[in-house]
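Novice: Predicted coordinates and the sequence they were generated for:
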Amino acid sequence: MVSPKGSGSPSVTPGRLRVFLRALVSSRVRGRLVWYLVLAVIAIPFFLPFWWMVTSSFKTATEVFADPSFFPSAWRWGNFIDAFRYQPFARHYFNSVYIAVIVTVATVLISSLSGYAYARLRFAGRSLLFVLILSSLMMPSEVTIIPNFFLMSFLGLTNTHWPLILLAVLGAHGALSTFIMRQHFLMIPGELEDAARIDGLGNFGIFLRIAMPIAGAAISAVTILTFLHSWNLFLEPLVFLNELRLFTLPLSLNNFRDAYGVPLWHLQLAATTMSVVPILVVYIMAQQKISSALAFSGLKG
């Protein structure tokens, strides 16, 4: 195709158009490759410690702190078996799993109910109560651990798993979960709620049939964040638990020591790898839901 005479515009042929499109596509591909390369370089400092932990779990205790190497001289799978022989690691693993599951289910249930109440219901003192709940986020667990210990001791719950469940559900993390759910329920259109009331639904019916089915992203975020929080608790088990059979994974990992108190690094790293990998896989699979829930909750900066 040739431009008319005197128009002053250059002629555009299919060949030139094809070359232009190829150049445009190739420039975008090069831009993406450069961007991926930059991200890969930035990720190296975050990935290397994890890689060192996994590979060192196959080494001997002396080889762990020998000349740095990214691969063991021999892959010693027996370290993972010895971790279960050294102490009741399977029991500790089970303790962490069932506590985290109970805490997660209870937190999702309570935070959903309270979040909906603070978002959609009108009652006296609602704002003041919500501010008091959020104020618990300003106090670190180290500040409240002593009064909580005396409270649990008065109730006769020390050296049991109950403090790890109750304090996790009703503590600061429960307040954060309530805040996330409240922010999500605030986005429900009022017209949708009015239509449900016309159909004869009450507050609980609207919560159960309208609010909860559309709160999937917020529920997923609360579920995963709560599970990770309970899974990684160390201070509370250290204070409330005394018997070895009641230990959770954080305490169990700290218990791989010899008679002189020297850490058995090869066993500790093997046990740590077994405790981290499943949670890491779950988090990677669900990180998109966490990001979207925090974005819709107004927490994303």
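Specialist: Thanks, I have it.
Novice: for this structure, what spans make up the helices?
Specialist: 14-56, 61-64, 78-86, 89-120, 126-135, 141-154, 162-170, 172-185, 190-198, 203-206, 216-231, 235-240, 249-253, 265-296 (DSSP state H).
Novice: List the buried residues in the fifth one.
Specialist: For helix 126-135, the neighbour count (16 or more other CB atoms under 10 Å) marks 130, 133 as buried. From N, CA and C alone the C-beta is placed, and that goes for glycine too.
Novice: which secondary structure elements does that helix contact?
Specialist: Counting contacts by 3 or more CB pairs under 8 Å, 6 or more residues apart in numbering; DSSP states H and E, helix 126-135 is packed against helix 89-120, helix 172-185.
Novice: Tell me which of those helices sits nearest to L253.
Specialist: Taking CB to CB, helix 89-120 is the member of those nearest to L253, at 8.8 Å.
Novice: Roughly how far does the residue lying closest to D82 once chain neighbours are set aside sit from L137?
Specialist: Counting by CB to CB, 6 or more residues apart in numbering, the nearest residue to D82 once its immediate chain neighbours are dropped is L267, at 5.8 Å. Distance, L267 to L137, using CB to CB, to the nearest Å: 37 Å.
Novice: do I180 as well
Specialist: 12 Å.
Novice: Same question for A83.
Specialist: 36 Å.
Novice: Centroid-nearest residue for the protein?
Specialist: L225 (3.8 Å; CA atoms, centre = their mean).
Novice: what separates it from L157, distance-wise?
Specialist: Distance of L225 to L157, given as CB to CB: 25 Å.
Novice: likewise M53?
Specialist: According to CB to CB, M53 and L157 sit 35 Å apart.
Novice: any weak-confidence spans in the stretch 1-150 of the chain?
Specialist: In the predicted model of the stretch 1-150 of the chain, residues 1-30 satisfy pLDDT under 70.
Novice: can you do 80?
Specialist: 1-34, 66-70 (pLDDT under 80).
Novice: So T107 sits against T226, correct?
Specialist: Yes. Counting by CB atoms under 8 Å, T107 sits close enough to T226 to count as a contact (4.6 Å).
Novice: Name the residue in these two with the higher neighbour count.
Specialist: T107 (28 against 24; other CB atoms under 10 Å).
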